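Chemist: Give the three-dimensional model of this entry:
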Amino acid sequence: MIRRAFLVGLLTLALPAHAQSVKLQAHEIDALLSGNTAIGKWDGASYRQYFDADGTTIYAQQGARSARGEWRIDAEKDEYQSIWPRDADWEGWFVMEWAGTFYWVSKKTPPTPFELVEGEQLVNR
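Modeler: Below is the predicted model:
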């Protein structure tokens, strides 16, 4: 509950009178993701991804087998990073917020919006 209050306060400060894009810092990304589930669309397919505080992550798409990987925050780059079983290297993403919506941002893909729900919610309830 304290983390949620911190996040709400943080987002309130990050939203001036006119909405602008804000790149989250490492500690903000950690507070946002840790113990929560992101929901969005990736390449047109709906997904849910849970970020456990222990550094494991589970990516689930309807009709497909879930994947388990690892995640971390790079404090020097202010980015979320993940690695999956068949990956050779960690891949990094900035997390941006604009007008109340969060986005995954990388050099390889356009900004991709996602919502965040509290706790592990890999199954649509």
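
Chemist: would you list every one of the helices in the protein?
Modeler: Taking DSSP state H to define them, one finds helices in the chain at 2-14, 26-33.

Chemist: and those, which one's lowest on average pLDDT?
Modeler: Ranked on mean pLDDT, the bottom entry among those is helix 2-14, at a mean of 46.

Chemist: can you pull the contacts of residue 110?
Modeler: Going by CB atoms under 8 Å, 6 or more residues apart in numbering, residue 110 touches no other residue. C-beta here means a position set from N, CA and C on the backbone, and glycine is covered the same way.

Chemist: So what's the predicted local confidence for it?
Modeler: Reported pLDDT for residue 110: 86.

Chemist: before we move on, what about residue 18?
Modeler: pLDDT, residue 18: 56.

Chemist: and if you look at residue 25?
Modeler: 97.

Chemist: Tally up the residues packed near residue 75, please.
Modeler: 12 (other CB atoms under 10 Å).
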